[in-house]
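In: here you go, sequence then predicted model.
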Amino acid sequence: MTWHNTGGSLTLYAGAKSPGKEKESNWLPAPNGTFSLYIRCYWAEQAVLDGTWLPPKIEKVKREK
């Protein structure tokens, strides 16, 4: 089960290491080092097709120790 933020937004974590037990339901395991992240849009609406919708910015964060 994924967990949504207040207001309905969704934070996903992508990386080789777990973001912590409490965030693992929103974790996308990825290889260690550089990797590419893609978004697939099936049966996309017009805004996706004409470029007026853009995916949210991906932010690189440092893992807390």
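Out: On my side now, so go ahead.

In: low-confidence ranges in this structure?
Out: 63-65 (pLDDT under 70).

In: doesn't E24 lie inside a helix?
Out: Yes - according to DSSP: H, G, I helix; E, B strand; the rest coil, the state of E24 is that of a helix.

In: what's the neighbour count on it?
Out: 11 (other C-beta atoms under 10 Å). C-beta: built from backbone N, CA, C; applies to glycine.

In: ok, it touching S18?
Out: Yes - applying C-beta atoms under 8 Å, one finds E24 in contact with S18, separated by 5.6 Å.

In: how far away is the residue nearest the centre of the chain from W3?
Out: Centrality entry for the chain: nearest residue to the mean C-alpha point is L12, 3.7 Å, by C-alpha atoms, centre = their mean. When distance is defined by C-beta to C-beta, to the nearest Å, L12 is 10 Å away from W3.

In: and for the two, which residues touch both?
Out: N26 (C-beta atoms under 8 Å, 6 or more residues apart in numbering).

In: list the contacts of E45.
Out: W53.

In: I meant to write A44 there.
Out: Not one residue lies near A44 by C-beta under 8 Å, 6+ apart.

In: strands of the protein, start to end?
Out: 13-15, 27-29 (DSSP state E).

In: could I get these as TSV with mean neighbour count?
Out: Converted to TSV, those look like this (neighbours: other C-beta atoms under 10 Å):
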stretch	mean neighbour count
strand 13-15	16
strand 27-29	13
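
In: wait, which of those strands is closest to K62?
Out: Closest of those to K62 is strand 13-15, at 10.8 Å (criterion: C-beta to C-beta).
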